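Trainee: I would like to see how this sequence folds:
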Amino acid sequence: MKALLISSSPHLEESSTFLLAKEVLRGLGEEGVSCEEMHLHDYKVSFCESCEACHKKILQCPLKDDANTILRKMLDADGIVLASPNYINQVTGSMKVLLDRSSHFIHCKRLLGKYVAGVVTSGSGFADMVLEYIGYYGHICGGQYSGGVSATRVFGKDKKDEAFQLGKRMAADLLAKKLYPDQMKLIEDNKKHFAQIIKLRKNDWREEYQYWVEKGWL
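Mentor: Presented below is the predicted three-dimensional model:
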């Protein structure tokens with residue numbers, strides 16, 4: 001089992017966000033899950049131009065940057081930890097730009113069978129909206145949400161322990177392939193919605209339509 005941490009703090013290894021996320025990875029690692037870390041600050045990810053190229057030919061974006069490298073690592077992982085500071089009740093701009101570039105994941109539910117967790121830090125201590133957004137992103141891509149942890153920029157052992165336990169819980173989800181009924185209903189309802197869109201756009205989004213056919217979803 002593999003987990004991928006994507007951290008969007010510009011302060012890299014020195015950030016509170018990353019230090020809290022490392023405790024999640026420690027919990028995952030204790031249960032035998034291998035973990036990889038990525039800092040978005042180290043990569044170039046350009047704004048989505050809504051050209052729909054990645055829907056016509058899956059993940060074939062004409063923009064010459066690192067987005068597909070990161071997206072393919074997400075596809076290779078069983079669990080994805082999205083870690084971000086809270087910037088005005090949202091993930092950082094760099095994280096949002098990456099997620100915008102993953103619209104194919106939404107169309108084809110590419111995180112189905114995978115698990116997502118959220119890590120958020122802030123000066124104010126308010127993080128619920130950001131964690132909810134990370135969970136929402138997981139669901140619309142087909143992934144289940146193992147949970148999230150948040151803290152102020154200065155945090156103590158209690159928050160480290162909470163993050164560690166989140167990692168252990170995520171590992172248990174991965175190993176047991178746990179199904180959360182309420183979450184699976186959200187995912188299935190969204191899948192039904194997109195089935196209609198994919199059928200309507202089958203001549204435009206040829207490879208995505210073929211993906212749905214091969215999965216037996218249409």
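Trainee: what's the neighbour count on Tyr211?
Mentor: 19 (other Cβ atoms under 10 Å). For every residue, glycine as well, the C-beta is placed using N, CA and C.
Trainee: For it, which non-adjacent residue is closest in space?
Mentor: Cys108 (5.1 Å; Cβ to Cβ, 6 or more residues apart in numbering).
Trainee: Repeat that for Ser124.
Mentor: Asn86 (7.2 Å).
Trainee: My guess is that neighbour contacts Leu131. True?
Mentor: No. Using Cβ atoms under 8 Å, Asn86 is not in contact with Leu131; the gap is 9.3 Å.
Trainee: what residues are shared contacts of those two?
Mentor: Taking Cβ atoms under 8 Å, 6 or more residues apart in numbering as the criterion, Asn86 and Leu131 both touch 120, 150.
Trainee: list the contacts for the nearest residue to Val81 once chain neighbours are set aside?
Mentor: Distances taken as Cβ to Cβ, 6+ apart place Leu5 nearest to Val81, at 4.4 Å, with adjacent residues excluded. Applying Cβ under 8 Å, 6+ apart, we find Leu5 in contact with 21, 24-25, 35-38, 81, 83.
Trainee: try 6 Å
Mentor: With contact taken as Cβ atoms under 6 Å, 6 or more residues apart in numbering, Leu5 is in contact with 21, 25, 37, 81.
Trainee: The first one - how many residues pack around it?
Mentor: Read that as Ala21. 30.
Trainee: same for the host helix or strand of it, what does it pack against?
Mentor: Using DSSP states H and E, Ala21 maps to helix 16-30. On a contact count with 3 or more Cβ pairs under 6 Å, 6 or more residues apart in numbering; DSSP states H and E, helix 16-30 meets strand 2-7, strand 34-39, strand 79-85, strand 115-122, helix 157-176.
Trainee: what about the third one, distance to the chain center?
Mentor: Mean-position distance between strand 79-85 and its chain equals 7 Å (Cα atoms, centre = their mean, to the nearest Å).
Trainee: So which bits of whichever helix or strand comes after it are buried?
Mentor: Per DSSP H and E, strand 79-85 leads on to helix 93-100 as the next helix or strand towards the C-terminus. Across helix 93-100, burial judged by 16 or more other Cβ atoms under 10 Å covers 94-99.
Trainee: Contacts for the next helix or strand after helix 93-100, please.
Mentor: Moving toward the C-terminus from helix 93-100, the next helix or strand (DSSP H and E) is helix 103-108. With contact meaning Cβ under 6 Å, 6+ apart, helix 103-108 is reached by 54, 140-141, 208, 211.
Trainee: hmm, back to that, what pLDDT does the model give the residue nearest to Val81?
Mentor: Leu5 carries a pLDDT score of 98 in this model.
Trainee: separation between it and Val154?
Mentor: 21 Å (Cβ to Cβ, to the nearest Å).
Trainee: quick one on the thing from earlier: of all the contacts of helix 103-108, the one with the weakest confidence?
Mentor: Cys54 (95).
Trainee: in what helix or strand does that residue lie?
Mentor: Counting by DSSP H and E, Cys54 is found in helix 53-56.
Trainee: how about whatever helix or strand comes next after that helix: buried residues?
Mentor: Downstream of helix 53-56, the next assigned helix or strand under DSSP H and E is helix 67-76. Judged by neighbour count using 16+ other Cβ under 10 Å, the buried positions of helix 67-76 are 67-68, 70-71, 74.
Trainee: Tell me the one among those nearest to Lys160.
Mentor: Met74 (25.8 Å; Cβ to Cβ).
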